[in-house]
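Student: Can you look at this prediction? I've put the sequence above it.
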Amino acid sequence: MKLQGLRWWVIALIALATIINYIDRQALSVLWPDIVEELFPDESALERKQIYANISIVFVFAYAFGQAIFGKIFDWVGTRFGFVLSIGVWSLATVAHAFAQGVMSLSLFRAILGVAEAGNWPGAAKGNAEWFPTKERALAQGIFNSGAAIGGIIAIPLIAYLTVYFSWQMVFVVVGVMGFLWLVPWLILVKAPPGSHPWISEEEKQYILTGQRQSTADNTNDEEYNPSTTELLSRKQSWGVIIASAAIDPIWWLFVFWIPIYLNEVYGMDVKSIGIYGWVPYVGAMFGAWFGGLLAQNRLKAGWSTDKTRKLTITLGCLIMLPALIAMANPGAPVVAVLIMAVILFGFQTASGNVQTLPSDLLGKKAVGTLSGISGMAAKLGAVGLTSLVPYLTAGGNYTPAFVIGASLAIIAMLAVWLLIPKIEPLSSKK
């Protein structure tokens, strides 16, 4: 049996895993108003916000640690079994949330979830590098990234709807089971890499393999550059990727963690009202992921260099975010607030997908997972920093300082790419 367009089926499954990832991840923030009433009934509003921030920080620390680990795991065991390990463990952790009794147990289950969910991102970067020629990678990354946005769109109203029929504990069980169901088509479809997959057509296999980087910029047939971790960290280009990731990613997490809390605190919304409004920003994220990928693919097909294409798209995304983040200082009505958030997340995803393709633009396939994992860890540590500050920055319900910091981070991300990666092209060994 031969399947046409097998690479698109693979990236679609990875995007579906990301959708499930975000449903699992968003469950806590959406259900938080119900959880605190049962588990923390005697705490003040400020104490409840601090508890939520602390649990979120535990999650992000675990997530950062998990990205570094899973970058290596995917390089060691491959994409197929790396995803089985990642999504299997995170689904178990999601179900375990139903048995939480307080801060310690919630933090423990959140930590396990964070470590395991982290595998989705370096795994996707490695799967992209394996299954797609260079000119299609930004589009494939955009499709994968859109899974995060679609997950956000689906998660908030879905979880709010489930609370009509189930307790918050049962909601965690229901969303956890989704991950186990995903494993079935993944194990059936992704039997091997494209070079040895029994179902791939010869035409598609050659298209993928010949379209992947097999030479350096001067077109000599040198081997791919797969440096050791020490050598990788000695290159300023690697630090360009790491710093850009550490700067831009906290903007995303600011909204992932705090959209429901923001709507509850600033506009007094309950879980069901949050379900009506809270999904809107993720529509912007979904279109941004597609736009960033399609724009990059269009420019590459038009003959633009990888360097010019990536820098244009990353810069454009950051410039879209800047005025929108400032506008969040006084958004007015809740409808206006969530629409401005949609613009911010559109800009974020436009830039982010191209930042995430940088490891595969610079390094060989055996090192992509490592740099993706390290930059992902740095990104999550950046998110920890901002998340830990939010309860203090937003005292009294004023979120303006948090949004100003977000705008500053967008500028830092742009500068890191422009200054530390003078030319985005395959690296070679230092002579």
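Tutor: Yep, that arrived. Only a predicted model underlies this, so the values are computations on that prediction, with no experimental measurement involved.

Student: Would you mind writing the CA trace of stretch 259-266 as PDB?
Tutor: C-alpha atoms of stretch 259-266 as PDB (Å, rounded to 0.1, in the frame of the first residue of the first chain):
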ATOM      1  CA  ILE A 259      -6.600  34.800  29.800                       C
ATOM      2  CA  PRO A 260      -9.200  33.000  32.000                       C
ATOM      3  CA  ILE A 261      -7.900  34.600  35.200                       C
ATOM      4  CA  TYR A 262      -7.800  38.000  33.500                       C
ATOM      5  CA  LEU A 263     -11.400  37.700  32.300                       C
ATOM      6  CA  ASN A 264     -12.500  36.500  35.700                       C
ATOM      7  CA  GLU A 265     -10.600  39.200  37.600                       C
ATOM      8  CA  VAL A 266     -11.100  42.300  35.300                       C
END
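
Student: Tell me the buried residues in it?
Tutor: Taking 16 or more other CB atoms under 10 Å as the basis for neighbour counts, the residues of stretch 259-266 that come out buried are 259-265. No exception for glycine: its C-beta is placed from N, CA and C like everyone else's.

Student: Let me have the residues you listed in TSV, extended by pLDDT.
Tutor: Supplementary listing: the buried residues of stretch 259-266 in TSV, determined by pLDDT from 0 to 100:
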residue	pLDDT
259	88
260	87
261	87
262	91
263	91
264	87
265	88
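
Student: In helices, which of those residues appear?
Tutor: Secondary-structure check on those using DSSP state H: residues within helices are 259-265.

Student: Which strands or helices does the one helix or strand residue 389 maps to pack on?
Tutor: With secondary structure defined by DSSP states H and E, residue 389 is part of helix 365-393. Helix 365-393 sits against helix 45-77, helix 120-131, helix 229-232, helix 236-267, helix 334-362, helix 400-420, with contacts defined as 3 or more CB pairs under 8 Å, 6 or more residues apart in numbering; DSSP states H and E.

Student: Quick one: mean pLDDT over it.
Tutor: Helix 365-393 carries an average pLDDT of 86.

Student: With residue 309 as the reference, name the closest of the helices and strands packed on helix 365-393.
Tutor: Each of the helices and strands packed on helix 365-393 was scored for nearness to residue 309 using CB to CB, and the closest is helix 334-362 (7.9 Å).

Student: Show me which residues of the closest one are buried.
Tutor: Residues of helix 334-362 classed as buried: 334, 337-362 (neighbour count, 16+ other CB under 10 Å).

Student: And for stretch 317-333?
Tutor: Residues of stretch 317-333 classed as buried by neighbour count (16+ other CB under 10 Å): 317-318, 320-322, 324-325, 327-328, 331.

Student: between those, which is nearest residue 179?
Tutor: Proximity of the buried residues of stretch 317-333 to residue 179 was ranked by CB to CB; the top entry is residue 317 with 29.7 Å.

Student: remind me which residues of this structure are low pLDDT?
Tutor: For the chain, the stretches with pLDDT under 70 are 1-4, 213-223, 431.

Student: Measure how buried residue 45 is and give me the count.
Tutor: By the measure other CB atoms under 10 Å, the count of residues near residue 45 is 11.

Student: circling back: for the buried residues of stretch 317-333, please prepare JSON lines with the additional fields distance to residue 366 and secondary structure.
Tutor: Listed next are the buried residues of stretch 317-333 as JSON lines, based on distance: CB to CB, whole Å; DSSP: H, G, I helix; E, B strand; the rest coil:
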{"residue": "317", "distance to residue 366": "29", "secondary structure": "helix"}
{"residue": "318", "distance to residue 366": "31", "secondary structure": "helix"}
{"residue": "320", "distance to residue 366": "35", "secondary structure": "helix"}
{"residue": "321", "distance to residue 366": "34", "secondary structure": "helix"}
{"residue": "322", "distance to residue 366": "37", "secondary structure": "helix"}
{"residue": "324", "distance to residue 366": "39", "secondary structure": "helix"}
{"residue": "325", "distance to residue 366": "38", "secondary structure": "helix"}
{"residue": "327", "distance to residue 366": "44", "secondary structure": "helix"}
{"residue": "328", "distance to residue 366": "42", "secondary structure": "coil"}
{"residue": "331", "distance to residue 366": "46", "secondary structure": "coil"}
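
Student: CSV for the residues you listed, including distance to residue 233?
Tutor: What follows is the buried residues of stretch 317-333, written out as CSV (distance: CB to CB, whole Å):
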residue, distance to residue 233
317, 26
318, 25
320, 31
321, 28
322, 30
324, 34
325, 31
327, 38
328, 36
331, 41
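
Student: check contacts around residue 288.
Tutor: By CB atoms under 8 Å, 6 or more residues apart in numbering, residue 288 lies in contact with 149, 317, 345-350.

Student: tell me the two of those residues that are most distant?
Tutor: By the measure CB to CB, 149 and 317 form the most distant pair in the contacts of residue 288, at 13.6 Å.

Student: between these two, what contacts are shared?
Tutor: 288, 349.

Student: before we move on, the earlier item: now the helix holding residue 389 and helix 334-362, what's the angle there?
Tutor: 150 degrees (axes from the mean of the first three to the mean of the last three CA atoms, to 10 degrees).

Student: tell me how far helix 365-393 is from the chain's mean position?
Tutor: Using CA atoms, centre = their mean, to the nearest Å, we find the averaged C-alpha position of helix 365-393 to lie 10 Å away from the chain's own average C-alpha position.

Student: cool, stretch 92-102 as well?
Tutor: With CA atoms, centre = their mean as the basis, the distance from the averaged C-alpha position of stretch 92-102 to the chain average is 23 Å.

Student: Would you agree residue 244 is in contact with residue 413?
Tutor: Yes - counting by CB atoms under 8 Å, residue 413 is a contact partner of residue 244 at 4.7 Å.
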